[in-house]
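Novice: This is a predicted model, with the sequence first.
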Amino acid sequence: MINNRTIKADLLLLLTATIWGFAFVAQRVGMESVGPFTFNAVRFALGSLSLLPLILLLQKRQPHNEQHEGKNKSVFWGGLLAGGALFAGASLQQAGLVYTTAGKAGFITGLYVVIVPLLGLFWHQRPRAGTWLGAILAAVGLYFLSITREFNISFGDLLVLIGAFFWAGHVLLIGWLAPRTNSLKLAAAQFAVCSLLSFLTALTIETISIASVWQAAIPIFYGGIGSVGIAYTLQVIAQRDAHPAHSAIILSLEGLFAAIGGWLLLGEVLSPRGLFGCALMLAGMLFSELSGFFSKQKPVI
């Protein structure tokens, strides 16, 4: 039976997916005033700083010991690795949003749900049959969403698609690092590394000014405090009680909320062909996760 704690966790995850989905709108609007790397530099700096109060609060409640000291050392190296992967995924996504819509970017980014188990092949992890079927559905959906009848893919969609592979690699990397370090400290560290790399890149290829950053203040604030700080914290809280399959399924709705946000706030409209592609991609993501959930269920006698 589903208890109240599970329902609460699922609702928190749904809120997290909603915040992340609407963040695609903020990311597009923000780049009307600043470049993609400047946007990410400030956004992830805010995200990292927003986690510090929670880290300090939890640290006061936990006694200091050698094990924590060892984990703190691994935060530095883990933050560099995860921050580098995060920088690659976020940069490609942000740059892609210059040329594509928030809805399309949300759905294409969501492909990481299917890509993660497929990348597991490199670690000799065999995906389930349902994962292969989900991947096929998602690939066909991507064709209808992004590939034109002349068999061309837009530059923006291509950047976001490449970014989805980095998001998948980031998920695998976090899965490996999480048991070895403090998750909140790792999150703050990776956000700080991503911010620093974005800032250094922006200094090289973009023009940074206080005035332009101020003009994009609301989208940057939403992307940093809302999407990074608040949503990540909600995810951590929710996943204490949520089933892993529930978590992945609900969070994969991020693409749906990105499309809704783009339609409501930016007037973005998908063609019937694009809507059909979105439906297939969503079905592929959900099928990939649901197959894993049901395969773990034991028959009730």
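Specialist: Yep, that arrived. Numbering: from 1, shown residues only.
Novice: In a helix, residue 107, correct?
Specialist: Yes. Under DSSP: H, G, I helix; E, B strand; the rest coil, residue 107 falls within a helix.
Novice: What pLDDT is listed against it?
Specialist: Residue 107 carries a pLDDT value of 87.
Novice: and what of the one 10 residues further on?
Specialist: Note on residue 117: pLDDT of 76.
Novice: would it count as being in a strand?
Specialist: No. Assessed with three-state DSSP, residue 117 is helix; it does not lie in a strand.
Novice: can you tell me how far it sits from residue 221?
Specialist: 35 Å (CB to CB, to the nearest Å). No exception for glycine: its C-beta is placed from N, CA and C like everyone else's.
Novice: Give the buried residues for the helix or strand encompassing residue 158.
Specialist: Per DSSP states H and E, residue 158 falls inside helix 155-177. Across helix 155-177, burial judged by 16 or more other CB atoms under 10 Å covers 156-161, 163-174, 177.
Novice: Residue 117 and residue 221: who's more crowded?
Specialist: Just comparing residue 117 and residue 221: by other CB atoms under 10 Å the higher neighbour count belongs to residue 117, 22 against 15.
Novice: Give me the buried positions along the longest helix seen in the chain.
Specialist: With secondary structure taken from DSSP state H, the chain has its longest helix at helix 66-96. Neighbour counts over helix 66-96 (16+ other CB under 10 Å) mark 71, 75, 78-79, 81-96 as buried.
Novice: Over to stretch 131-139?
Specialist: Using 16+ other CB under 10 Å as the test for burial, stretch 131-139 gives 131, 134-135, 137-138.
Novice: can you map out the helices along the chain?
Specialist: For the chain, the helices defined by DSSP H occupy 4-30, 36-61, 66-96, 102-109, 112-119, 129-146, 155-177, 183-205, 210-215, 217-221, 231-238, 244-251, 254-266, 272-295.
Novice: so of these, which one's packed in deepest?
Specialist: Most buried of these by mean neighbour count (mean count of other CB atoms under 10 Å) is helix 102-109; its value is a mean of 29.
Novice: who does that one touch, helix- and strand-wise?
Specialist: helix 4-30, helix 66-96, helix 129-146, helix 155-177, helix 254-266, helix 272-295 (3 or more CB pairs under 8 Å, 6 or more residues apart in numbering; DSSP states H and E).
Novice: pLDDT-wise, which helix or strand of this protein ranks last?
Specialist: helix 244-251 (a mean of 69; mean pLDDT, DSSP states H and E).
Novice: Would you reformat the buried residues of stretch 131-139 as JSON lines and include distance to residue 39 and pLDDT?
Specialist: Below are those laid out as JSON lines (distance: CB to CB, whole Å; pLDDT from 0 to 100):
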{"residue": "131", "distance to residue 39": "34", "pLDDT": "72"}
{"residue": "134", "distance to residue 39": "32", "pLDDT": "78"}
{"residue": "135", "distance to residue 39": "31", "pLDDT": "79"}
{"residue": "137", "distance to residue 39": "33", "pLDDT": "84"}
{"residue": "138", "distance to residue 39": "28", "pLDDT": "80"}
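Novice: List just the nearest of the residues you listed to residue 283.
Specialist: residue 137 (5.3 Å; CB to CB).
Novice: Quick check: the gap between that closest one and residue 185.
Specialist: From residue 137 to residue 185 the distance is 38 Å (CB to CB).
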